[in-house]
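> task: produce atomic coordinates for the following.
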Amino acid sequence: MKNIKLFDYQEDMKERIEKALRLHRSVMAQMPTGTGKTVLLASVVESFLREHSNCNVWIVAHRRELVSQIRETIQRVFFESPRPSFQRGLHFLPKPLFLRKRGCNRPTRCSEPLRSKDGGPSKVSPDCAGWDRLDATCLRPADGLAATCLRPTEGLGDRLGMSGASKVSPDCLSASAFKVPIKAVSIQWLSKHYDEIEEEPGMIVIDEAHHALAKTYKEMWERFPKAKFLGLTATPCRLNGKGFTDLFDILVQSWSVPEFISKGRLATYDFVSIKSDGVTQRLIDSLQKRGADGDYQNKEMDMLLNKKPSIERLYRSLEEFGKDRKGIVYAINIRHANAIAEFYREHGIVAVAIDSKTPSSLRKELIERFKASSNTSQNLPFSNHPVNSSKITPSLFTIKEGDFSKTHPSSLTLKGGSTAFPKPLSPQGTGDVTAPPRRSEPLRSKVGGPSKVSPDCAGWDRLGATYLRAADGLGEGLTATCLRAADGLDPIQVLVNVDIFSEGFDCPDVEFVQLARPTLSLAKYLQMVGRGLRVAKGKKNCVIIDNVGLYRVFGLPSQVWNWNAMFEGKLKVGKRKETPKDREFFLMNEKQDDIQIHPDSEMMMVMSHEELLQTLQYREFVDSKGEFAIIKLSDGKMTVVNRQGEQVLEPGDYYDMKLLDGNILFYRPRRKAKCYYDLLAKAVIDDGTNVAETPHVVNIKGWEFIEYNDIFMSRTQEDFSLPYHPSQYDFLNYGYYMIFRFRPSAPGCQVWYYCEGDEGKMRMSNEESRNVCFLRNDYEHVYWLCAVLYGERIVVMDSKEDYYLVDSNLKKTFIGCNHPKNENEDLNFVMPRLGKKYYHEAMLQKKEMEENEMLLLHEKSEAGHVELYQAGKKWGVKVDGKVIVPPLYCSIAQPVGAYCAFEEIPRHWGVMTLKGKVIVDAKYEKVEIRDNGIAVVTGITGKTQTINLLKVKG
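Numbers count the residues shown, from 1 in each chain. Okay, here's the model as predicted:
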């Protein structure tokens, strides 16, 4: 047994776990995904076995795949060599749990009940099938007697023979062959054999303990009252909000994810997600049905998201953010995974789909190819024994020339120019070989009847690999053979899976994780994204591509969760992220929905790895409220930060800090002093030892003011106090600015206005401004209004008597002052120029808008969206079903383009637009409108004239 080396945080966790196990019977330990829970498990187990030499340890998992992985981990961790060396003739198969037959004292192995009464082998139970998943190759001799298990050792041809052994269930694996009393079992196997198990464990370790929900888990506590229990998980939470205190006594927590990242134990990440108003988010918001586990129903998710447009969006986001990276995609179900992988392959990405139905040997081979894909020059051989194509006997295969190579140019070319066609072989001597059976028929008995389907036959067409099966001439003995093209298979860049890699998957150099399935489970979310946070040599960071908007549900992966509250069942994670008791609340700024990587992108950047590293300087989260949080820095000083991580209060040695309603902070800068601080304005409201009442926020027409000691103050760094209790009639709200009509005038503030009818000419008033002006989101200055210009622009003066042009986007531009150095700063020159400029721009814009409206009306008229309607004896006009012209006229002619003629009184016709605007008065006996916008009108005297309607001003 080799010495297990732990990191500092693992040593700390081990010490605290062992201390907790001495005080409690049952302990749950929490460590984030990717921080080495399994190595910690092995070390804890090793220490336990050293202290309790006569005890056994069971490791219980909820999936068979995890049982196999645990066995491999034990083998890797407990021994210097990666695999013990076997010698021919020695019986070193892992010893299973011993069972006790009913009515018999002789213990039997768990594989024995799977035998027939006469001693011959019976059909293999599905629970015991597939020992080849554990790298054992099981062949049966032709006589059909006792099974012979052959195990590869040094090379592919070196095999170990052990007669008399039956197949061993992968649900029950033991390390006793290595003289270590550790057994890994699945909870499913255990629940079926409780009454037959003879031995008792000294410790039971439950891997992925957040799955410990069923009664079968609780039964272990009842059946083994003397055993210690240790549960390991990254996410001690349940979707239904129930806790774990019915099974575990205490929760031991490790560092938080931000601490692991800041200390280099987990990787940084870029997080991109779909926009909140995008198509995919609206589809997800429409999900109504729930499955038995309380999560979204798979059928409904598949119906809405397993569509080509959705998969195209997945591909576009991968191309934009994960191009040339290797990674994992999480799909809804098998159909969805296959559809994604197929679409990616069609677009040049080497992608394969893996699910629970993928044969374990194939799954293992694909994962190994994926892990090795960072070295593109390396081509790993399959674990199935490769066969030299020159030695293949063509009569044993179904081979056709030409048709397969037409559609599969990468197919294997055999000696003599034949092409290996991926169809199963026809059994020898059983009929016409030109009509091969289905893929399920190659495994046949001696008499030609079909046997059960080999799992090794399934799914090779997904990989584009050519899969042939050779007969060994023994009837039942068929060896699976995978032939590779001479140039090798491409490295796998993307693995698309269905919950296979949510747990127990270890590939540190995963460079992106793409979330293509929605979930309401926090555990599932963190397990998925955690696969990309492992550190690896040469890996800079991971990109998390959230195509289903999970960050809006749970927050970012580096959010700090209150695991103890969830463990106790006091906190349920709902539709929104856990409210603001987290250290990274400031990263969840909803305004970041507008931050886009590309103008046409369907995605947005939620947070980059640079921003993440910047926020990790905040070492301890104290409290949060609204848009701000109290943070303790590494030097012990306190400060307040906003959601962008910016400090809004100078760090200091403060006492009794508390966030109040309305973004007001209370703290004590000294022991006896009190201070109220406006966090928005970054200004002190009042401080000292005689501070009276608590200030509160007053909202007037959507603008906030602070009321304190009967004084109304603006929320600006520049102090402006209102001399009396204002009413809402004293304020005028214009959206991006607000005016307070102040009685005293502002000294030196010029007032400029447009002269009526002079087409943009401006003049200066003899009076000074009396209008105090506040700009939206400007918490620094108080202004005075100087002028209102065309195009939603204003001119304001600040306290330094500088003038600024402000547009509706709150962009400020300096234009002059009261003491100009040149004419470019003199308002007598600047204001007339600005007035004309923006007047002409506004008039031009107005004309373009009117022309566009007329063009639109013309198109609607041509498309038949305009109708005439009658009410009583009067006529009106509707456009798109909406009344535009009320029934006011004796008659209205059919529209021509954007115009129509109307009769106001008998024999008095005019012309109006389809907006109801009269442009030719009703004084003509006859009006004819032509397509080119020309109206021919005839007066009462019979005189005819033409009018260009496009040039008429109404």
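
> what about stretch 741-761, how long is it end to end?
Using Cα to Cα, to the nearest Å, one end of stretch 741-761 lies 26 Å from the other.

> how about that stretch: buried residues?
742, 746, 749, 750, 751, 752, 754, 760 (16 or more other Cβ atoms under 10 Å). In this view, the C-beta of every residue, glycine as well, is placed from N, C-alpha and C.

> cool, stretch 794-809 as well?
794, 795, 796, 797, 798, 801, 803, 804, 805, 806.

> equivalent analysis for stretch 361-378, please.
Buried residues in stretch 361-378 (16+ other Cβ under 10 Å): 361-371, 373-374.

> quick one: that stretch to chain centroid distance?
Computed by Cα atoms, centre = their mean, to the nearest Å, the separation of stretch 361-378 from the middle of its chain amounts to 26 Å.

> tell me the spacing between residue 771 and residue 749.
9 Å (Cβ to Cβ, to the nearest Å).

> what sits closest to the residue nearest the centre of the chain if chain neighbours are left out?
When Cα atoms, centre = their mean is applied to the chain, the residue found nearest the centroid is residue 546 (2.7 Å). Take residue 546 and drop its neighbours on the chain: the residue closest to it by Cβ to Cβ, 6 or more residues apart in numbering is residue 273, 3.9 Å away.

> list the beta-bridge partners for the one you found.
Judged by DSSP bridges, the bridge partners of residue 273 are residue 546, residue 604.

> for it, list the residues it contacts.
Residue 273 sits next to 546, 547, 549, 550, 551, 552, 603, 604, 606 when contact means Cβ atoms under 8 Å, 6 or more residues apart in numbering.

> check which helix or strand the spatially closest residue to residue 286 that is not a sequence neighbour maps to.
In space, and not counting its chain neighbours, residue 286 is closest to residue 304: 7.1 Å by Cβ to Cβ, 6+ apart. Taking DSSP states H and E as the criterion, residue 304 maps to helix 298-305.

> please name every helix or strand in contact with the next helix-or-strand element following that helix.
Later in the chain than helix 298-305, the nearest helix or strand by DSSP H and E is helix 308-321. If contacts are counted by 3 or more Cβ pairs under 8 Å, 6 or more residues apart in numbering; DSSP states H and E, helix 308-321 sits against strand 269-274, helix 279-285, helix 334-346, strand 512-515, strand 542-546, strand 603-607.

> now with 6 Å, please.
If you count contacts as 3 or more Cβ pairs under 6 Å, 6 or more residues apart in numbering; DSSP states H and E, helix 308-321 packs onto helix 334-346, strand 542-546.

> tell me the angle of that helix relative to helix 334-346?
Here helix 308-321 points in a direction 50 degrees away from that of helix 334-346 (axes from the mean of the first three to the mean of the last three Cα atoms, to 10 degrees).

> model confidence over helix 308-321, on average?
Throughout helix 308-321, pLDDT has a mean value of 94.

> report the mean per-residue pLDDT for the helix or strand following it.
Sequence-wise, the next helix or strand downstream of helix 308-321 (DSSP H and E) is strand 327-330. In this model, strand 327-330 has a mean pLDDT of 94.

> starting at the chain centroid, how far to strand 327-330?
11 Å.

> what does it contact?
340, 495-496, 501, 510-517, 528, 531 (Cβ atoms under 6 Å, 6 or more residues apart in numbering).

> same question, stretch 736-754
So stretch 736-754 is in contact with 703, 730-732, 762, 764-765, 768-776, 784-787, 797, 801, 808, 810, 818, 827, 831, going by Cβ under 6 Å, 6+ apart.
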